[in-house]
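In: no sequence for this one, just the structure:
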């Protein structure tokens, strides 16, 4: 409505020259009225459009499909469509992008549709660019996800490789440790030989520890780290760990200060793993403290947690290294050389084991040369008293000699174990395959049969079943020997008839205890 | 798997026979409003959205499953078996007419009649067969979808102009009518317009009505005739209508053909 006093152009002229294309069509799209602006933008004369063409005839083929599947039903159902962008075919063939609004009107003569079309040349280019970039981003994302998958699978293969290495290293370690032990039992006249034998035994033990760590860390990576939770006195375990490590710490010339609470602190934890945590921390502290330093071990507690702290006067840690100190393969970048040895997995294992127990690890250092303090926080058990003593089967006291058959295709491992047993007064025989073992079972009638699960001619499980049906073997105690110690392996061994399960390398004292 | 939520199934009306309605590419079950209003007095009616359209559960859009119309047909079979005790009357528009046909080939015992509105067994021209489109036209459609979903994907509803003279429609504006995830729309367009089910036509055993517009860009009369010739015993009803949605723009003619067909079948 014209409310101003100024004279405006007649409404008809305003329609013709409006800054947008205006059309009226029948509901089937036939163009009934069109303004000059639309004609100018599309290159048609009005006469070529009126009653001659439908609005959809001016669209690209793709646009027509869109018109049929989206626009027409919307207009029908809703009586209006807004902000649809379609390309109109110019009379000369090229495409003209337009943003279109339409509304269905009722009149006495029936229904018709009004259209307003806006040329969107710049906007269209900008949107095309936006689409192109979005597409590019999508492709980049896809590439990224493919690359990540490849990395993950490479990482998984690496984990598997580390696990395989750890298992393979365990095999030769068993006979090496057994042989070292044999040497240590000799009284050498030459002091160099007795020193050598001590070195051999000590280093073999260290090697075994490293391999165990390696195996554990591969289990962490594969998410297979198992813990066996018991209700135990943390103070007792930490004291054990301290005594076990005292030799190592003091050999390095350090003062070892152990300050543990007098009362018990109960936690629900795997005692073997706690031992491992503390020993790792102490080993770490001793290693990174120059000779003549001080190592302190203490336990503190708050309302909910027990906090084990290992403090050293060692080389300390720069603040930039603190966040990554518990990461795998993390060794200090500066100040320390590889000559200190180690796999760089001890601390990451400490963290994994601690977190597996629902605890957390901490590190503090005032900087290089100022020592470090590692803490392990473990949740206290809600029950702060010992469980009633379980009725344990009294340890079989060794009373006399046993006949032991060792079945292992690693002849070195079998023979070295047999020699140790002989020295301790047992009678031991070896077999390197299943067939040989079955023959010996009949003639030797062993009390105990140790069977390596992986034999060349049959599986250890199969041999166990056959032994149970062989005269001389029906009453034998069966011990499974394997490089793996997952729950399912134990399960499988138990199902095959094994009463005991030990992992390589054989800890000789434990084995003797079993006899 | 709950097909009721997955496919946003709505059951209403009452009657001895059940009609299942399936919408085509682009929109959702709202397309059937006029049809359902006319039929729900005498029939039980089942409405649903294809997965990826309307208010279906978009999280269940499986690009492999819905990479062919058979994935949709399997959904239809679940809906039909779950919503009716005896064979149903299936009314499908466009691509859903073909989906219903595939479902009925898989389990003919579940279908009493298939009413195909604007069907096409293949949109792409191939030798003597005139589907109406070339591959390049489909690419153009995909680019048109891209152009529009740019604005439609997240805020289409408030952008649509109101319809003051029909306030009952206003609730639809906040619905996802004719709107879905742009990636799904692209994929569905690909699957719909590149499908070729001409070889399946000979296997149809369900009584079939083909409702063909006399002026439809997407399904030309020749395509309706092709279907009629290929589907043994089928009925062809050509209605006077411009466009691909005769059930919206010529509902009386479509209803008339439908009801006459059902009457002859005694349904």
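Out: Received it, and whenever you're ready, just let me know what you need. Bear in mind that the values here come from a model prediction, so they are computed numbers and not experimental data.

In: Poorly predicted segments of the stretch 151-267 of chain B, please.
Out: Within the stretch 151-267 of chain B, the ranges that satisfy pLDDT under 70 run B:151-179.

In: what about the residue of the stretch 301-450 of chain A found nearest chain B, neighbour count?
Out: Nearest residue of the stretch 301-450 of chain A to chain B (CB to the nearest CB) works out as residue A:355 at 32.9 Å. Placement of C-beta: from N, CA and C, glycine included. Neighbour count of residue A:355, defined by other CB atoms under 10 Å in any protein chain shown: 14.

In: For it, which non-adjacent residue is closest in space?
Out: With CB to CB, 6 or more residues apart in numbering or on different chains as the measure, residue A:361 is the residue that lies nearest to residue A:355, at 7.7 Å, once sequence neighbours are left out.

In: what helix or strand does the residue of the stretch 301-450 of chain A closest to chain B sit in?
Out: Using DSSP states H and E, residue A:355 maps to helix A:346-356.

In: Residue A:99 now?
Out: strand A:95-107.

In: The helix or strand that that strand is followed by close to chain B?
Out: With elements assigned by DSSP H and E, the helix or strand that comes after strand A:95-107 is strand A:110-119. No. No part of strand A:110-119 sits close enough to chain B to count as contact by CB under 8 Å from any CB of the partner chain; the gap is at least 10.7 Å.

In: measure the residue of chain A found nearest chain B to residue A:196 for me?
Out: Closest contact between chain A and chain B, by CB to the nearest CB, is at residue A:62 (2.7 Å). Residue A:62 sits at a distance of 86 Å from residue A:196 (criterion: CB to CB, to the nearest Å).

In: between those two, who's got more neighbours?
Out: Each of residue A:62 and residue A:196 has its neighbours counted (other CB under 10 Å); residue A:62 has more, 23 against 14.

In: How about that one, nearest residue that isn't a chain neighbour?
Out: Nearest residue to residue A:62 in three dimensions, chain neighbours excluded: residue B:140, at 2.7 Å (CB to CB, 6+ apart).

In: Over to residue B:33?
Out: residue A:77 (7.3 Å).

In: so how far is the strand or helix carrying that neighbour off the chain centroid?
Out: Using DSSP H and E, residue A:77 sits within helix A:72-78. If you compare the mean C-alpha spot of helix A:72-78 with that of the full chain, they lie 54 Å apart, counting by CA atoms, centre = their mean, to the nearest Å.

In: packing partners for that helix?
Out: strand A:80-89, strand A:95-107, helix B:170-173, helix B:246-249 (3 or more CB pairs under 8 Å, 6 or more residues apart in numbering or on different chains; DSSP states H and E).

In: residue contacts, residue B:146?
Out: Contact analysis of residue B:146 by CB atoms under 8 Å, 6 or more residues apart in numbering or on different chains lists A:131, B:182, B:186.

In: Among these, which ones are in helices?
Out: Counting by DSSP state H, those place A:131, B:182, B:186 in helices.

In: who's in contact with residue A:265?
Out: A:233, A:234, A:235, A:299, A:301, A:306, A:380, A:384.

In: tell me the pLDDT at the first one?
Out: This means residue A:233. Note for residue A:233: predicted pLDDT of 93.

In: For the closest residue to residue B:134 other than its chain neighbours, grab phi and psi.
Out: Excluding its sequence neighbours, the residue lying closest to residue B:134 (CB to CB, 6+ apart) is residue B:125, at 6.0 Å. As for residue B:125, its main-chain torsions (degrees, to the nearest 10) stand at phi -60, psi 140.

In: ditto for the one 5 residues further on
Out: Recorded main-chain torsions at residue B:130 are phi -110, psi 100, according to degrees, to the nearest 10.

In: how many other residues sit next to it?
Out: 14.

In: before we move on, back to that, surely the residue nearest to residue A:355 is in contact with residue A:322?
Out: No. Here residue A:361 does not reach residue A:322: they are 11.8 Å apart, not a contact under CB atoms under 8 Å.

In: Same drill for those two, tell me which one is more crowded.
Out: The neighbour count for residue A:361 versus residue A:322, taken as other CB under 10 Å, is higher for residue A:361 (21 against 14).

In: The more buried one belongs to a strand, doesn't it?
Out: Yes. According to DSSP: H, G, I helix; E, B strand; the rest coil, the state of residue A:361 is that of a strand.

In: Contacts only, for residue A:270.
Out: Taking CB under 8 Å, 6+ apart as the definition of contact, the neighbours of residue A:270 are A:227, A:228, A:229, A:230, A:357.

In: who in chain A is up against chain B?
Out: By CB under 8 Å from any CB, the residues of chain A that approach chain B are A:27-29, A:54, A:56, A:60-66, A:68-70, A:72-74, A:76-87, A:97, A:101, A:103, A:106, A:124, A:127, A:130-131.
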